[in-house]
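*Asks:* Everything below, folded, please.
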Amino acid sequence: MVLNIIFSGIGGQGIVVASDIFCEAALLDGWDVAKAEVHGMAQRGGSIVAHVRVGEKVQSPLIETGKADVILGFEVLEAARVLPMLKKDGTVIVNTKYIQPSTSAAASANLTVEKILGIIRARTEKVYEVDGVGIATKLGNILAVNTVLLGSISAIPENLVTPESLEKAISGRLKQKYVELNLKAFKMGSKQVDLG
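*Replies:* The predicted structure follows:
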């Protein structure tokens, strides 16, 4: 049994930190963990994808195309871009923020959040749309989007990592002055996943 997760977004959104926290929490729970990152032009808002594999025995850090159980999208276009990685009945958790690319071809495509979400919804029935930016803004720190999304992934049934270990990993990884705010963000994110 192995859980395959693709963390996808753009540079500066905290993808590396969030995937590190998830891996640390999985280790606390006693799982075997493997992780690989693919950095685009991260300094300039380029794509970043992290492959995270958690289970009893993990052989390789890379997830094959069509084998990801979950896509955790920090931005809608980047989530849509990695959809080929998702298995047939996989789950997408996506922050509903759209950051328009700087390339002229993408910018002229007249993409909207709703159009991109439509592409994601057409690919799988299990889509959780999370207003990570709205929640983080309410809490007073836009950088908390990544812990909002970690809260959301903690609440899905296929997740193997306990919320308690994720909270411990958040507390251990972040500067003390940001821990309380991020734990609030985590709890608010978990409430965004409606399983009813």
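*Asks:* So for this structure, the centremost residue is which one?
*Replies:* In the chain, the C-alpha nearest the mean C-alpha coordinate belongs to residue 72, at 2.8 Å (Cα atoms, centre = their mean).
*Asks:* pretty sure that residue is in a strand, no?
*Replies:* Yes. According to DSSP: H, G, I helix; E, B strand; the rest coil, residue 72 belongs to a strand.
*Asks:* now the closest residue to residue 2 other than its chain neighbours: how far from residue 72?
*Replies:* Spatially, and ignoring its direct neighbours in sequence, residue 2 is nearest to residue 55 (3.3 Å; Cβ to Cβ, 6 or more residues apart in numbering). Yep, even glycine has a C-beta here, placed from its N, CA and C like the rest. Residue 55 is 17 Å from residue 72, where distance means Cβ to Cβ, to the nearest Å.
*Asks:* coming back round to it: and the residue nearest to the centre of the chain, what are its bridge partners?
*Replies:* Under DSSP bridges, the beta-bridge partners of residue 72 are residue 7, residue 93.
*Asks:* dump the residue contacts of it.
*Replies:* Contacts for residue 72 (Cβ atoms under 8 Å, 6 or more residues apart in numbering) come out as 5-8, 18, 93, 149, 152-153.
*Asks:* For residue 7, see how far away it is.
*Replies:* 5 Å.
*Asks:* so what's in contact with those two at the same time?
*Replies:* Common neighbours of residue 72 and residue 7 (Cβ under 8 Å, 6+ apart) are residue 18.
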